[in-house]
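Engineer: output the structure for:
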Amino acid sequence: MTIEIAPELKSIRLRLTEPQACSYLDDRIATTGFVDPNIAVDNQLYGRLSAMGFRRSGNHLYTPLCGGCNACVSARIPVALFSPNRSQKRCSKGNADVAIRHTSSIDFDEHYPVYHEYICDRHENGDMYPPSREQFDQFLGSVRDCTTFLEFRVANRLIGCAVVDVLPNALSAIYTYFDPLCSSRSLGTLAVLRQVALAQELRLKYLYLGYWIADCQKMRYKTNYRPLELLRENAWQIYE
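Structural biologist: Alright, predicted model coming up:
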């Protein structure tokens, strides 16, 4: 299948998955379009595709193409305007003992047990369950030149990690996983706050958070970050 994804870009061929049960909404059927892996996607094009609602998973760039459903809405934070709320400020203060390390590579043997426990605890009904080492290697080991990892440690013990891609004018939050025993720390929130800070440090405009889904509890959290922009009808609009 070939579609024109933007007037200023040439046609990009997408490969469609077979319709399957939606991972987020019951009684919905999902179809995903993946950019043809034979197309060379440099960082500039990656950034432009992100602005059009595409996401990265492993080696693939994808977008939902579900007939009759537009529940998945791309979300991003304009970082220069971001202001943490009281809960987010408490999260930062309560995690003052967490050391955050930026690295271009990780020890997979150290990280996989954390990832495994996270998937089993948080996503036992999702399409990533049950986790496996092969899945982990394919999902997070397929990094790009622009990929960085934010490791979260306490007393040098790994308790979580955020995988981030650095685009020409934005960061893209790829995935975050953490030790479920540290749930009281709200490490998911801390990861977003640290990525916002990193985008500000790098003088980038946005942090892409993936898809916001109003009727999915696990995906609604993104509106806790304000201001938030949503991609609706091919235009980014401030969420009210």
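Engineer: am I right that residue 176 is in a helix?
Structural biologist: No - per DSSP: H, G, I helix; E, B strand; the rest coil, residue 176 lies outside any helix segment and is strand.
Engineer: ok, it - contacts?
Structural biologist: For residue 176, the contact set (C-beta atoms under 8 Å, 6 or more residues apart in numbering) comprises 160-163, 187-188, 191. Heads up, the C-betas are built off the backbone N, CA and C, glycines and all.
Engineer: hmm, try it at 7 Å
Structural biologist: For residue 176, the contact set (C-beta atoms under 7 Å, 6 or more residues apart in numbering) comprises 160, 162, 188, 191.
Engineer: domains of the chain?
Structural biologist: 2-72, 76-231 (automatic domain parsing).
Engineer: with mean pLDDT and distance to residue 237 as added columns, please give those in TSV.
Structural biologist: Shown next, in TSV, are these (pLDDT from 0 to 100; distance: least, C-beta to C-beta, whole Å):
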stretch	mean pLDDT	distance to residue 237
domain 2-72	88	13
domain 76-231	95	6
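Engineer: can you say which of those is nearest to residue 240?
Structural biologist: Among the domains of the chain, domain 76-231 comes nearest to residue 240, with 9.5 Å by C-beta to C-beta.
Engineer: and the closest one, how far out from the chain's middle?
Structural biologist: Domain 76-231 has its C-alpha centroid displaced from the chain centroid by 7 Å (C-alpha atoms, centre = their mean, to the nearest Å).
Engineer: excluding chain neighbours, what is closest to residue 64?
Structural biologist: Leaving aside its sequence neighbours, residue 64 sits nearest to residue 72 (C-beta to C-beta, 6 or more residues apart in numbering; 4.4 Å).
Engineer: contact partners for that neighbour?
Structural biologist: Applying C-beta under 7 Å, 6+ apart, the residues near residue 72 are 64, 211, 213.
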